[in-house]
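Visitor: I would like to see how this sequence folds:
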Amino acid sequence: MYIYKTEILTVSTKWFSDKANEDDIAMLDKLINERASEGWELATYDYMATSSQLRGAFLVTFRKEKV
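Guide: Modelled structure (predicted):
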């Protein structure tokens, strides 16, 4: 059995595109590596763009075995 933890990682402000950029990916990598060092495994993630195309976010879910 697993326990799950979901986090929202807000990305940099976008002016002309709602796509993630290299800085956003670096923030995502940092979060994944931090949680991995705590014993969490990446289960899934999704990028959520906003309708105003100014600020998006990654929705990141981790899991680890219940002890």
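Visitor: going forward, measure contacts and count neighbours with C-alpha atoms only.
Guide: Noted.
Visitor: run through who's touching stretch 60-67.
Guide: Residues from elsewhere that reach stretch 60-67, judged by Cα atoms under 8 Å, 6 or more residues apart in numbering: 1-9, 35, 39-46.
Visitor: what residues sit buried inside stretch 37-50?
Guide: Along stretch 37-50, these residues count as buried under the neighbour rule (16 or more other Cα atoms under 10 Å): 40, 41, 42, 47, 48, 49.
Visitor: in CSV: these, plus pLDDT and distance to residue 63.
Guide: Compiled in CSV, these are given as follows (pLDDT from 0 to 100; distance: Cα to Cα, whole Å):
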residue, pLDDT, distance to residue 63
40, 98, 5
41, 98, 5
42, 97, 6
47, 83, 18
48, 81, 20
49, 73, 24
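Visitor: can you put those in CSV and add secondary structure and distance to residue 26?
Guide: Compiled in CSV, these are given as follows (DSSP: H, G, I helix; E, B strand; the rest coil; distance: Cα to Cα, whole Å):
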residue, secondary structure, distance to residue 26
40, coil, 18
41, strand, 18
42, strand, 16
47, strand, 14
48, strand, 17
49, coil, 18
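Visitor: which one of the residues you listed sits closest to residue 58?
Guide: Using Cα to Cα, residue 47 is the member of these that lies nearest residue 58, at 4.5 Å.
Visitor: spatially nearest residue to that closest one, not counting backbone neighbours?
Guide: On the basis of Cα to Cα, 6 or more residues apart in numbering, the spatially nearest residue to residue 47 that is not a chain neighbour turns out to be residue 58, at 4.5 Å.
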